[in-house]
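[1] Quick one, fold the following:
(one chain, ligands or ions: 1)
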Amino acid sequence: MSYPVVYLKKDKEKPILRRHHWIFSGAVKKFPESFSNGDICQVRSHYNKVLGHAYFNDKTTISGRMINFSEENPLASIEKNILNAISLRKKLFDAKITNAYRLINGEGDLIPGLLIDRYNDKLVIQISTLGIEKLKDMIIDVLVENLGEEIDLIFEKSTMSSRNHEGLDKIEKVVWAKHKGARVQTEIFENEVKFIVDVKNGHKTGFYLDQRNMRAYIASLIRGKKLLNCFSYTGGFSVYAALSGAKEVTSVDISEEVINGAVKNFEANGLDPENHNFVALDVFEFLEDQKELDYDIVILDPPAFAKKKSDYGAACSGYRRLNTETLKRMKSGSILLTCSCSYHVDTDSFLKQVKKAAADSGKTLRQIQSHRQAEDHVLNPFHPELDYLKGFAFWVE
Ligand code: SAH
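    Model prediction:
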């Protein structure tokens, strides 16, 4: 099949030649006569050189997103990239170690607009663009053909606000089920730690897969010690810590529902929740009530304070305040793991706020570890926006 042709302006092919996936509206010289938004077109330079294929939407600032950089059939490229992503995850994670990971990470897996997480026998798919929306049936067919033996449900959770610009409404529904009544809940495991995940009602796609390595790091330090896990969600860090011999774990989250989920996760791992503390409260209020934090390790893993670029200033103040209020109360000789998942607050800016917080609270910090999102969140060097999570462990004096 031949695709209509989009021509780029002179010199605008340079990022594409470097394999950057995005075509900004200002780079397009001419759209084809017959073309509707979301369709795949062939992309050619000003000098008529074929650069590959992209799907286009002339209503958005990023008008085109490349889905291959060759003359190959673009649908075949998508299928190939899905299969490559599946086989990479199988190489990264032995099935005995975990059955939950990010399966497709947008440009990181060369498929802009598509995120897919796997939770045991469920897939959760998130679509952010009209181009991928139009390819949804084909993508589901490829997933079912290749993973159909292992999964019983594909749930779509396309709720990102950026869909507005693409002219798309939010979608939250089952898009494929092997049999009637397939459940939206499942149990996953990570290094022998079990978690109950609800792909419909949970936050994001159900679980914070990105913190995998930080959870294992905390587990390695916690034997015989006390942990305060702020912004705990369903107890990712907490369950790891309790199973690894923590003396006591306190989980704090503003949502009662997720705190109940944390209790269930303790039970699922044969841990007695009575031996630990579960607090449904705003972390700032919790801190206000404490004179001293009598813990060996404190985790701060708040939601993104900067959801968009213009939130930068307020987010920096938020990180400074949160870290100050925490450090002020921490004991000398304890450890702080402080995280930010705001892409719009870059690593240097985040560290600057933590340093200010140390000064504000009269504490000395020595960095002992740093982390980013786990390796299943494959990065693409030309798309830094995929690199959003940072976590630093400090020895506090
Ligand atoms: N650390 C978790 C993920 C945290 S996500 C994990 O590894 O699984 C952020 C969490 O912060 C959410 O569960 C949300 O309910 C909670 N939250 C948001 N604002 C809060 C606040 N002011 N105080 C306490 N919890 C808050």
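[2] Next, count neighbours for the closest residue to Asp109 other than its chain neighbours.
    Nearest residue to Asp109, sequence neighbours excluded (C-beta to C-beta, 6 or more residues apart in numbering): Ala85, at 4.3 Å. Quick note: C-beta positions are derived from backbone N, CA and C, even for glycine. Residues within reach of Ala85, counting by other C-beta atoms under 10 Å, total 22.
[3] ok, Ala85 - contacts?
    Leu103, Ile104, Asn105, Asp109, Ile111, Val378 (C-beta atoms under 8 Å, 6 or more residues apart in numbering).
[4] pLDDT at the last one, what is it?
    What the model reports as pLDDT for Val378 is 98.
[5] if we can go back for a sec, out of the contacts of Ala85, who has the most neighbours?
    Most neighbours among the contacts of Ala85, by other C-beta under 10 Å: Ile104, with 26 neighbours.
[6] Who are the packing partners of the helix or strand harbouring that one?
    According to DSSP states H and E, Ile104 maps onto strand 100-105. Where contact means 3 or more C-beta pairs under 8 Å, 6 or more residues apart in numbering; DSSP states H and E, strand 100-105 is packed against helix 74-92, strand 114-119, strand 185-190.
[7] can you give me the offset of the longest one from its chain's centre?
    Read that as helix 74-92. Put simply, helix 74-92 sits 19 Å off its chain's centre (C-alpha atoms, centre = their mean, to the nearest Å).
[8] buried residues in it?
    Pro74, Leu75, Ser77, Ile78, Glu79, Asn81, Ile82, Ala85, Ile86, Leu88, Arg89 (16 or more other C-beta atoms under 10 Å).
[9] Check stretch 367-376 too.
    Gln369, His371, Arg372, Gln373, Ala374, Asp376.
[10] List the contacts of that stretch.
    With contact meaning C-beta under 8 Å, 6+ apart, stretch 367-376 is reached by 89, 92-93, 101-103, 105, 209-214, 217, 335, 337, 387-395.
[11] Those residues also near the ligand: which ones?
    Gln211 (C-beta under 6 Å from any ligand atom).
[12] Show the buried residues in the contacts of stretch 367-376.
    Of these, these count as buried by 16+ other C-beta under 10 Å: 89, 93, 101-103, 105, 209-212, 214, 217, 335, 337, 387-394.
[13] Show me what the residue in the stretch 1-150 of the chain that the ligand sits nearest to bridges to in the sheet.
    Proximity of the stretch 1-150 of the chain to the ligand (C-beta to the nearest ligand atom) peaks at Ala100, 12.1 Å away. Listed beta-bridge partners, Ala100: Tyr119 (assigned using DSSP bridges).
[14] how near is the residue nearest to Asp109 to Ala95?
    16 Å (C-beta to C-beta, to the nearest Å).
[15] What of Val174?
    With C-beta to C-beta as the criterion, Val174 and Ala95 are 25 Å apart.
[16] Who has more neighbours out of those two?
    Set Val174 next to Ala95 and count neighbours by other C-beta under 10 Å: Val174 wins out with 14 against 8.
[17] The more buried one: what's its closest spatial neighbour, skipping adjacent residues?
    Spatial nearest neighbour of Val174, chain neighbours left out: Phe155 (5.6 Å); criterion: C-beta to C-beta, 6+ apart.
[18] give me every residue that touches the one you found.
    Residues near Phe155 by C-beta under 8 Å, 6+ apart: Lys122, Leu123, Val124, Ile125, Glu172, Lys173, Val174, Val175, Val184, Val199, Lys200.
[19] please redo it, this time with the cut-off set to 6 Å
    Val124, Val174, Val199 (C-beta atoms under 6 Å, 6 or more residues apart in numbering).
[20] tell me, how many neighbours does the residue of the stretch 1-150 of the chain closest to the ligand end up with?
    When neighbours are defined as other C-beta under 10 Å, Ala100 has 23 of them.
[21] circling back to that earlier point, which of the helices and strands packed on strand 100-105 sits closest to Asp311?
    For the helices and strands packed on strand 100-105, distance to Asp311 was read as C-beta to C-beta. The smallest value, 21.7 Å, belongs to strand 114-119.
[22] angle of the helix or strand following the closest one against strand 185-190?
    Elements were assigned by DSSP H and E; along the chain past strand 114-119, the next helix or strand is strand 122-127. Counting by axes from the mean of the first three to the mean of the last three C-alpha atoms, to 10 degrees, strand 122-127 points 100 degrees away from the direction of strand 185-190.
[23] Let the chain start at 34 from now.
    I'll keep to 34 as the first residue from here, and by that count the last item is strand 155-160.
[24] Give me the buried positions along strand 155-160.
    Of the residues in strand 155-160, those buried (16+ other C-beta under 10 Å) are Lys155, Leu156, Val157, Ile158, Gln159, Ile160.
[25] what are the bridge partners for the fourth one, then?
    It refers to Ile158. Bridge pairing for Ile158 (DSSP bridges) gives the partners Ile149, Glu189.
[26] Pretty sure it sits against Leu186.
    No: look at Ile158 against Leu186 with C-beta atoms under 6 Å: they stay out of range, at 10.9 Å.
[27] And the contacts of the strand holding Ile137?
    Against strand 133-138 from outside (C-beta under 6 Å, 6+ apart): 118, 122, 126, 144, 147, 149-152, 221, 242, 409-411.
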